[in-house]
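In: build me a model from this:
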Amino acid sequence: MISKIDRIVASFAALAALSLLFGCARSAPDLPVSRIGKSDAEVQKLLNINAADLAIECPALDAALAKVNEAIDDNELVIKGDRTKNQIVGYLGALFILPVIGTENNDEAKENLEKLQVRKDQLYYLKSRKACP
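Out: Numbering: from 1, shown residues only. The predicted structure is shown next:
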């Protein structure tokens, strides 16, 4: 039979593992806005497309998309760079609860990724609208 102390230790280990899981995980980005049955004006409003965005020509859209993709890669590298450290801290956290405090959540990088994904969706919409290659 499992003793009370064993259950407490198991609870702390589970808590440590869950905190690591939620600290490291980033949810998948939202799907792009569906354009089915929507007017161009409705899609532009949903994507927060403004007049300045509509004036951007295809070569500039390609350049902006390349910059966004580079920024996404940079932010993902920040998160991946802390992954090993967080895993080690998580393993230690399963034994001793205090090391979990040492994990890096990379909240700023995750927030940047969310914003960059929105911009990427905007740029793809604009490229599609202008029939860019």
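In: which helix in the protein has the most residues?
Out: helix 58-95 (DSSP state H).
In: quick check: mean pLDDT of that helix?
Out: The average pLDDT within helix 58-95 is 83.
In: helix or strand right after that helix?
Out: helix 107-129 (DSSP states H and E).
In: kindly export that next one (C-alpha atoms) in PDB.
Out: What follows is helix 107-129, C-alpha atoms only, in PDB (Å, rounded to 0.1, in the frame of the first residue of the first chain):
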ATOM      1  CA  ASP A 107       6.900  34.600 -22.200                       C
ATOM      2  CA  GLU A 108       8.200  37.500 -24.200                       C
ATOM      3  CA  ALA A 109       9.400  35.200 -27.100                       C
ATOM      4  CA  LYS A 110       6.000  33.400 -27.100                       C
ATOM      5  CA  GLU A 111       4.200  36.700 -27.200                       C
ATOM      6  CA  ASN A 112       6.400  37.900 -30.100                       C
ATOM      7  CA  LEU A 113       5.600  34.700 -31.900                       C
ATOM      8  CA  GLU A 114       1.900  35.300 -31.600                       C
ATOM      9  CA  LYS A 115       2.300  38.900 -33.000                       C
ATOM     10  CA  LEU A 116       4.500  37.700 -35.800                       C
ATOM     11  CA  GLN A 117       2.100  35.000 -36.800                       C
ATOM     12  CA  VAL A 118      -0.700  37.600 -37.100                       C
ATOM     13  CA  ARG A 119       1.600  39.700 -39.300                       C
ATOM     14  CA  LYS A 120       2.500  36.700 -41.400                       C
ATOM     15  CA  ASP A 121      -1.200  36.000 -42.000                       C
ATOM     16  CA  GLN A 122      -1.700  39.600 -43.000                       C
ATOM     17  CA  LEU A 123       1.100  39.500 -45.400                       C
ATOM     18  CA  TYR A 124      -0.100  36.200 -47.000                       C
ATOM     19  CA  TYR A 125      -3.500  37.800 -47.400                       C
ATOM     20  CA  LEU A 126      -2.100  40.800 -49.100                       C
ATOM     21  CA  LYS A 127       0.100  38.700 -51.400                       C
ATOM     22  CA  SER A 128      -3.000  36.700 -52.400                       C
ATOM     23  CA  ARG A 129      -5.100  39.800 -52.900                       C
END
